[in-house]
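1. What follows is a predicted protein model with its sequence.
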Amino acid sequence: RQRHEPMQFHVRWINWLLWSQLAWTAWRHLGNFAATATDATADDESRRDDARLCDPTYLVEMGCPRSEHGVDWFAFLEEACRVCPPKDVCEMQPASDQLVSRMQQVFAEDTAYQCLPGLLSALIVSAQFFLLETKMPPELEQLFHENRSLSPFPFHTLQYSLYANMVPARLMTCDKSLWDDMANKYVPRVHPEHSGRCGMVYDDRTLVYKCRSRRPFIELPRRNDILHSIQCPTLDDISLDPAMAEKLQKYGTRASTPSESCQSSKGMWRQPMSDVHKCVLISVAHLLDFRPGQLVLDWGSGCGHKLTWAKALFDVDGVGLDVEGGAVAWARQHSAGVFCHADGRKLDWLPNGAFDHVISYAALYHMSQTDQCHTGIQLLRKLRIGGRAWFGWNQAFSMNAWEWQRCFKNASSFTELPQSDVQEMDHMAVDFQGIEDGFLFSPNPEVAGKHYLYQFPAFSVILTRLA
């Protein structure tokens, strides 16, 4: 078709329930919409889209009729702009009741639409307010994976996967006063308590009620002053040798497509395993005894999902650091905590003795033994006296539990370790435990032998700083 010819788009709304399924088909030839996203540089396109936001005259330029099949696209645009900040969540009901009503009109019957940006915007609205199970043709799936504005509508294509794949963290939080602060924070929609793969089977509601029942009796001061004083290092402080850069390249590739990584149950992994990651976080929170108001450091925080679960379910505040900038950027926008793009081997910018807990999962093993020991000693230094640390999914082929123990008990045996680290360990005392992950998180040995994240040689190191 020629670019000036209208695009037709078919949708069918099957079941308008809390758990609903969207089945729809599309014509080919999405050239009109695609062309608008490639006619200018990224900066020019961004400025252009900002100028067109909420401008109904641009609907005509996009080939949208004022009304089709009973849907008034101009009125839908006006209502969306009233209650939905650009690229952000819409106001909750009842403020958004009229918008939801207009969105329902779009899917009221099996019909064809010419206004593709309007239809995609309606899908984003539906994903925010309803839990959806979706199937879509590859052409449209690709549109939602790409980073595009739906201007003049105040939406963005990546919002769909965020709302459809994730769940708002504020729906079940220990501290109810954080409703507004958690407005745009999300975690994967997973339930490890029903998976049969988690030994800790508390559901979110139970965890939140347990946390709320503890809060009145917790006398520990909140450490917001420490949290707010942290300043992330500059990017100049990140230096990776070629071998390390090559090893970490896959994570950068994954982070470049949020709909397939941070905004999905995969996170920074190649397979959907967020149910196990949530199980790990809940188990570690109980193991270390997370208490409301405490401060947690997550070394290798990735998308920040673990710290968001920790904030919502246990009311602890978190600082995350990761070497992958794309994951950090997503975490800063959609996860709870302070997130820094940093080289985890250089931790002088973090205050010593400030954290109640340090956690790290499947991250330290990427480094050499010397760097692992060096980093472990620095992390121990960040703990207050009595604070506890957990390093999980360590790999025996990289550094086994006995070598980790030697790092903390006989640091001088690591001949390439900086002398300052050896001297630090002479003035610190630590209780050391090592345990296989399969025995720590899985409900039984059979599950431990089947799931990738539980299998030997994965093991955890648990530390308590004694002095």
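-> Cool, the structure landed.

2. Identify the residues contacting stretch 321-335?
-> 162, 166, 184-186, 232, 235, 238, 240, 248, 251-252, 255-256, 258, 261-263, 268, 297-305, 307-308, 320, 337, 339-344 (C-beta atoms under 8 Å, 6 or more residues apart in numbering). Placement of C-beta: from N, CA and C, glycine included.

3. Also stretch 364-378?
-> So stretch 364-378 is contacted by 244, 247-248, 299-300, 344-345, 347, 391, 393-395, 398-399, 403-404, 407-408, 411, 414, 416-418, 421, 424-425, 461 (C-beta under 8 Å, 6+ apart).

4. List the buried residues in stretch 332-344.
-> 332, 333, 334, 335, 336, 337, 338, 339, 340, 341, 342, 344 (16 or more other C-beta atoms under 10 Å).

5. Looking at these, which is nearest residue 174?
-> For these, the residue nearest residue 174 by C-beta to C-beta is residue 336; the value is 11.6 Å.

6. Which residue is the nearest non-sequential neighbour of the closest one?
-> residue 311 (4.0 Å; C-beta to C-beta, 6 or more residues apart in numbering).

7. Give the burial count for the one you found, as a bare number.
-> Burial of residue 311 is recorded as 26 neighbouring residues (other C-beta atoms under 10 Å).

8. Next: residue 51.
-> There are 11 residues near residue 51, going by other C-beta under 10 Å.

9. just to revisit the earlier point, please tell me how far the residue nearest to residue 336 sits from residue 410.
-> 37 Å (C-beta to C-beta, to the nearest Å).

10. out of all of them, which strand in this structure is the longest?
-> strand 383-395 (DSSP state E).

11. re earlier: filter the contacts of stretch 364-378 to the buried ones?
-> 244, 299-300, 344-345, 347, 391, 393-394, 399, 403-404, 407-408, 411, 414, 417, 421, 424-425, 461.

12. Could you tell me which of these belong to helices?
-> 244, 403, 404, 407, 408, 421, 424, 425 (DSSP state H).

13. Nearest to residue 208 among those?
-> residue 404 (34.2 Å).

14. Per-residue confidence, the closest one, what does it come out as?
-> pLDDT recorded at residue 404 is 98.

15. Kindly report the same for residue 7.
-> 39.

16. List the buried residues for stretch 434-445?
-> Under 16+ other C-beta under 10 Å, the buried positions of stretch 434-445 are 436, 437, 438, 440, 441, 442.

17. Tell me the one of those residues nearest residue 288?
-> Nearest to residue 288 among the buried residues of stretch 434-445, with distances taken as C-beta to C-beta, is residue 440, at 12.1 Å.

18. on that earlier part again, contact partners for the residue nearest to residue 336?
-> Counted by C-beta under 8 Å, 6+ apart, residue 311 has contacts 169, 173, 178, 182, 317, 318, 336, 337.

19. And the third one, how far from residue 169?
-> The reference is to residue 178. From residue 178 to residue 169 the distance is 9 Å (C-beta to C-beta).

20. For the stretch 251-400 of the chain, just list every one of the strands.
-> Assigned by DSSP state E, counting those that start in this stretch, the stretch 251-400 of the chain shows strands spanning 295-299, 317-322, 338-341, 355-361, 383-395.

21. returning to that earlier point: so among the contacts of stretch 321-335, which ones count as buried?
-> The buried subset of the contacts of stretch 321-335 - by 16+ other C-beta under 10 Å - is 162, 166, 184-186, 232, 251, 255, 258, 261-263, 268, 297-305, 307-308, 320, 337, 339-342, 344.

22. pLDDT score for the closest residue in space to residue 282 that isn't next to it in sequence?
-> Leaving aside its chain neighbours, residue 282 sits nearest to residue 200 (5.1 Å; criterion: C-beta to C-beta, 6+ apart). Note for residue 200: predicted pLDDT of 95.

23. Do I have it right that residue 200 meets residue 279?
-> Yes: using C-beta atoms under 8 Å, residue 200 is in contact with residue 279, at 6.3 Å.

24. what do these two both touch?
-> In contact with both residue 200 and residue 279: 192, 441, using C-beta under 8 Å, 6+ apart.

25. Comparing those two, which residue is more hemmed in?
-> residue 279 (26 against 19).

26. Spit out the contact partners of that one.
-> 192, 195, 197, 198, 199, 200, 441.

27. Give me the subset of the residues you listed that lies in strands.
-> Per DSSP E, the subset of the contacts of residue 279 in strands is empty.

28. Tell me where the stretch 101-250 of the chain has strands.
-> For the stretch 101-250 of the chain, applying DSSP E, counting those that start in this stretch gives strands covering 111-113, 131-135, 166-168, 186-188.

29. Averaged pLDDT, the second one. What do you get?
-> Strand 131-135 shows a mean pLDDT of 69.

30. Which per-residue confidence value corresponds to the closest residue to residue 388 other than its chain neighbours?
-> Spatial nearest neighbour of residue 388, chain neighbours left out: residue 288 (4.6 Å); criterion: C-beta to C-beta, 6+ apart. Predicted confidence (pLDDT) for residue 288: 98.

31. and the closest residue to residue 198 other than its chain neighbours, how far is that from residue 439?
-> Nearest residue to residue 198 in three dimensions, chain neighbours excluded: residue 279, at 3.5 Å (C-beta to C-beta, 6+ apart). Using C-beta to C-beta, residue 279 is found at 14 Å from residue 439.
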